[in-house]
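Trainee: next input, structure requested:
(one chain, ligands or ions: 1)
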Amino acid sequence: MFHIFQISGIVFRASSLKIKILIPVFISCLLFLSVIDLPFSNNQLLDATINDSSESDTPRDKLIGGLLTADFDEGSCLSRYHKSLLYRKPSPYKPSEYLVSKLRSYEMLHKRCGPGTKAYKDAKESLDHDEIYVGECRYIVWIAEYGLGNRMLTIASVFLYALLTERIILVDNRKDVNDLFCEPFPGTSWLLPLDFPLFNYTYRYNKEYSRCYGTMLNNHTINSTSIPPHLYLHILHDSRDNDRMFFCQKDQSLIDKVPWLIVGANAYFVPSLWFNPTFQPDLMKLFPQKETVFHHLAQYLFHPTNQVWAMVTHYYNTHLANADERLGIQIRVFRKDAGYFQHVMDQVVSCTQREKLLPESATQEESKVNISKSPKLIAVLVASLYPEYSERLKNMFWEGNTSTGEIIEVYQPSGERIQQSDKKLHDQKALAEMYLLSLTDNIVTSARSTFGYVSYSLGGLKPWLLYQPTDLITPDPPCVRSKSMEPCLLTPPSHGCDADWGTNSGKILSFVRYCEDIMYGGLKLYDKI
Ligand code: GDP
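Mentor: Down below sits the predicted model:
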């Protein structure tokens with residue numbers, strides 16, 4: 001086994017091995033690696049590599065069809081331009097020219113309005129005095145809440161809203177967002193300065209907050225002649241109908257005048273934006289392929305920090321790079337007594353065998369002795385809080401016997417057991433695992449899990465979704481192949497806006513339909529139903 005830095009630039013070729021090394025980055029990586037802990041394995045820091053095992057030498061589009069700006073220094077954030085190199089096949093999903101041009105305009109606006117500018121200072125001062133700020137810049141502040149999957153889905157949703165309404169997104173920097181992601185916009189920062197006045201301890205953002213939009217609507221304290229300098233938007237699972245009026249056209253014309261919006265969210269609210277006739281034409285142009293919204297936004301926004309990227313590349317090169325096929329399995333158990341359950345294990349086995357993602361393990365009599373010199377190697381990457389799932393799967397195949405003669409290797413990078421959101425290393429492992437899952441060829445994910453949604457959508461993969469079991473029983477069928485790679489909005493509005501008030505939102509637009517993993521609960525975008 002050897003590890004290489006595969007980085008464009010100076011290329012060394014060593015006998016049978018193709019080794020590509022960019023010396024300056026190699027040196028900076030060594031420096032960087034010498035100061036970090038690598039949580040996935042013990043002190044194998046120098047393995048933090050990108051092994052481009054693509055034999056074709058096809059130049060990969062490191063700017064992802066213009067999605068990324070070239071204005072960043074590469075070494076500061078290795079994942080930004082090298083991510084696409086890890087994907088063995090070029091993505092079939094190209095960003096639209098309109099999306100690309102909108103992103104470039106956004107970046108300029110963010111530079112003019114972001115932290116450190118006069119505009120930001122003035123807008124913040126107005127907020128200090130509870131006065132309306134009038135100027136080019138209007139802001140939307142994302143608050144960090146819930147697990148990492150939820151956070152990534154809500155950042156993407158808030159950013160899309162910012163693009164559509166020409167606001168500046170600023171992210172709550174009180175937790176560990178800075179340890180997870182590099183800056184996405186050049187020459188500025190998306191981190192909300194820590195002295196932001198509304199994060200003073202006297203403010204608690206919840207439905208009772210007096211400047212909560214839904215509460216103001218309930219109390220009739222907001223109208224076109226009485227606009228507050230800031231509003232809190234409550235877009236969570238327990239939002240009331242009035243909170244969800246935020247997405248309506250009439251409400252948006254009012255909200256547009258509020259210079260500061262603060263969003264508490266745990267829902268991927270992108271589908272709700274499509275219901276608004278003001279946003280729809282723009283959205284159609286931005287995303288002609290509707291199921292690519294999160295895929296493109298995530299590729300644009302989320303660049304793991306060098307520390308996280310070291311975990312991803314190390315693990316990928318060590319365990320996944322040489323396989324003929326990679327299967328990702330994400331197992332999330334939503335129960336108070338969550339842990340290892342036989343019915344969940346049975347479900348995973350039943351799904352993967354039924355869908356021919358894995359062969360059946362064979363008894364000695366049944367097993368095919370594969371005399372081929374290079375039997376197909378399938379690497380299975382399991383992500384779960386509980387290590388028992390991969391252990392059982394490994395046991396199934398450990399004698400090397402499969403009914404088809406293929407070789408199955410099973411890996412699980414971590415088994416944290418307990419969710420510990422906001423703990424730096426824990427969140428970094430979670431992010432690394434999402435990226436590793438996104439690099440697989442086929443993926444099976446758990447119903448309702450935003451962790452799973454991010455993983456498959458990031459990778460541009462249509463997942464097999466495991467149905468949520470009830471009463472310790474393995475569902476039959478165990479899983480369903482999704483027709484869309486978009487995440488699901490788990491808590492959609494149960495009503496329309498004006499003309500379509502009372503209409504079931506699952507029937508308003510042909511391309512917004514129920515999610516396969518939770519019938520009649522969630523909504524998502526589809527290109528083909
Ligand atoms: P969801 O609860 O499944 O929708 O996903 P979230 O990501 O929002 O919250 C779950 C959190 O639990 C993750 O962010 C991690 O902190 C932790 N977690 C859950 N499953 C895994 C896993 O497979 N691997 C790791 N490393 N962490 C996990």
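
Trainee: so Asn306 versus the ligand, what's the distance?
Mentor: Asn306 is 19 Å from the ligand, where distance means Cβ to the nearest ligand atom, to the nearest Å. No exception for glycine: its C-beta is placed from N, CA and C like everyone else's.

Trainee: what about the strands in this protein?
Mentor: Taking DSSP state E as the test, the strands found in the chain are 11-14, 17-20, 139-142, 168-171, 230-235, 260-265, 325-331, 377-384, 407-411, 442-446, 464-466, 479-481, 512-514, 523-525.

Trainee: quick one: closest of these to the ligand.
Mentor: Ranking the strands of the chain by their distance to the ligand (criterion: Cβ to the nearest ligand atom) puts strand 377-384 first, at 3.7 Å.

Trainee: pLDDT score for Gly114?
Mentor: Gly114 carries a pLDDT value of 98.

Trainee: before we move on, what about Leu198?
Mentor: So, for Leu198, pLDDT stands at 85.

Trainee: neighbours around it, how many?
Mentor: The local packing of Leu198 (other Cβ atoms under 10 Å) involves 19 other residues.

Trainee: surely it touches Leu127?
Mentor: Yes: counting by Cβ atoms under 8 Å, Leu127 is a contact partner of Leu198 at 6.7 Å.

Trainee: residues that sit against both of these two, list them.
Mentor: Residues touching both Leu198 and Leu127 by Cβ atoms under 8 Å, 6 or more residues apart in numbering: His230, Trp260.

Trainee: could you identify which of the strands of the chain has the lowest mean pLDDT?
Mentor: When I compare the strands of the chain, strand 11-14 is least confident, with a mean of 30.

Trainee: give the contact list for the residue nearest to Pro304 when sequence neighbours are not counted.
Mentor: Excluding the flanking residues, the one nearest Pro304 by Cβ to Cβ, 6 or more residues apart in numbering is Ser79, at 4.7 Å. Residues in contact with Ser79 (Cβ under 8 Å, 6+ apart) are Cys182, His303, Pro304, Thr305, Asn306, Val308, Trp309, Val312.

Trainee: tell me how many other residues crowd the last one.
Mentor: Val312 is flanked by 25 other residues according to other Cβ under 10 Å.

Trainee: swap in the one 5 residues further on?
Mentor: Number of residues near Asn317 (other Cβ under 10 Å) recorded here: 22.

Trainee: show me what counts as buried in stretch 465-475.
Mentor: For stretch 465-475, burial by neighbour count (16 or more other Cβ atoms under 10 Å) applies to Leu465, Leu466, Tyr467, Gln468, Pro469, Thr474, Pro475.

Trainee: what does the chain have sitting close to the ligand?
Mentor: Contact residues, the chain versus the ligand (Cβ under 6 Å from any ligand atom): 146-150, 332, 383-385, 414, 416, 419, 421, 426-427, 429-430, 433, 449-451.

Trainee: grab the nearest non-local neighbour of whatever residue of the stretch 151-300 of the chain ends up closest to the ligand.
Mentor: In the stretch 151-300 of the chain, the residue found nearest to the ligand is Arg151; the distance is 6.8 Å by Cβ to the nearest ligand atom. Leaving out its chain neighbours, the residue that sits closest to Arg151 by Cβ to Cβ, 6+ apart is Ala144, at 6.1 Å.

Trainee: contacting residues around the residue of the stretch 201-350 of the chain found nearest the ligand?
Mentor: For the stretch 201-350 of the chain and the ligand, the shortest gap (Cβ to the nearest ligand atom) falls at Arg332, measuring 4.5 Å. Residues in contact with Arg332, defined by Cβ under 8 Å, 6+ apart, are Ser384, Leu385, Thr445, Ser446, Arg448, Ser449, Phe451, Gly452.

Trainee: and the gap between the third one and His296?
Mentor: By that I understand Thr445. Using Cβ to Cβ, to the nearest Å, Thr445 is found at 20 Å from His296.

Trainee: how about the fourth one?
Mentor: To His296, Ser446 is 24 Å away according to Cβ to Cβ.

Trainee: for the last one, same thing?
Mentor: With the distance defined as Cβ to Cβ, Gly452 ends up 19 Å from His296.

Trainee: for the stretch 51-200 of the chain, which spans come out with low pLDDT?
Mentor: For the stretch 51-200 of the chain, the stretches with pLDDT under 70 are 51-60, 88.

Trainee: find the nearest non-adjacent residue to the residue of the stretch 101-250 of the chain found nearest the ligand, please.
Mentor: Closest contact between the stretch 101-250 of the chain and the ligand, by Cβ to the nearest ligand atom, is at Gly147 (1.9 Å). Closest residue to Gly147 apart from its sequence neighbours, by Cβ to Cβ, 6+ apart: Ser421 at 5.3 Å.

Trainee: likewise Leu148?
Mentor: Counting by Cβ to Cβ, 6+ apart, the residue nearest Leu148 is Ala430, at 4.9 Å.

Trainee: and for that neighbour, the neighbour number?
Mentor: 24.

Trainee: what's the answer for Asn178, then?
Mentor: With other Cβ under 10 Å as criterion, Asn178 counts 15.

Trainee: how near is Lys528 to Val512?
Mentor: 13 Å.

Trainee: what of Asp238?
Mentor: 22 Å.

Trainee: ok, the two, which is more surrounded?
Mentor: Val512 (22 against 10).

Trainee: does the more buried one touch Gln280 like I think?
Mentor: No: counting by Cβ under 8 Å, Gln280 is not a contact partner of Val512; they are 10.9 Å apart.

Trainee: common neighbours of those two, please.
Mentor: By Cβ under 8 Å, 6+ apart, the residues touching both Val512 and Gln280 are Trp274.

Trainee: could you list every residue that touches Asn150?
Mentor: Asn266, Thr450.

Trainee: my error: substitute Tyr106 in the last question.
Mentor: Ala162, Leu163, Phe185.

Trainee: tell me how far the residue of the stretch 201-350 of the chain closest to the ligand lies from Ser446.
Mentor: 4 Å.

Trainee: can you pull the residues that touch both of those two?
Mentor: Common neighbours of Arg332 and Ser446, counting by Cβ under 8 Å, 6+ apart, are Gly452.

Trainee: return the residues in contact with the closest residue to Gln280 other than its chain neighbours.
Mentor: The spatial neighbour of Gln280 that comes closest, neighbours along the chain excluded (Cβ to Cβ, 6+ apart), is Trp274 at 6.1 Å. Neighbour list for Trp274: Gln280, Leu283, Lys290, Leu509, Phe511, Val512, Leu525 [criterion: Cβ under 8 Å, 6+ apart].

Trainee: no further questions, thank you.
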